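Student: got a structure for you, letters missing:
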């Protein structure tokens with residue numbers, strides 16, 4: 001029984017580490033995309049890029065079967081959340097209030 005419990009704990013630890021790594025990768029990509037959007041927004045061209053991404057996701061929504069449609073909708077929602085967060089960062093001062101940012105992201 002002791003070996004079984006240790007085996008389960010080892011599996012849970014491995015899954016936890018993999019989940020943390022995946023979360024870190026996703027967050028790093030979000031930061032990179034946010035920085036790119038802020039840069040593009042200052043130099044122009046951001047609206048065109050956003051429209052192209054939205055058109056591609058909408059095309060996938062139109063062509064997708066029912067199980068894939070929900071995944072495409074989830075992707076569109078997360079994309080819109082990222083855009084809203086980036087716009088929030090752009091409109092606020094360089095000094096960001098973390099609590100206000102958390103409150104705003106909870107409302108999204």
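Tutor: That came through, no problem. This is a predicted model, so every value here is computed, not measured. Numbers count the residues shown, from 1 in each chain.

Student: would you mind checking the average pLDDT for stretch 27-41?
Tutor: Across stretch 27-41, the average pLDDT comes to 76.

Student: helices or strands up against the helix ranked longest in the chain?
Tutor: When the chain is parsed with DSSP state H, its longest helix is helix 2-43. Judged by 3 or more C-beta pairs under 8 Å, 6 or more residues apart in numbering; DSSP states H and E, helix 2-43 is in contact with helix 46-63, helix 66-91. For every residue, glycine as well, the C-beta is placed using N, CA and C.

Student: how about low-confidence regions in the chain?
Tutor: 41, 43-44, 64, 66-67, 89-90, 92-98, 101, 104-108 (pLDDT under 70).

Student: ok, the closest residue to residue 83 other than its chain neighbours - how many residues close by?
Tutor: Leaving aside its sequence neighbours, residue 83 sits nearest to residue 50 (C-beta to C-beta, 6 or more residues apart in numbering; 6.4 Å). Residues near residue 50, counting by other C-beta atoms under 10 Å, number 17.
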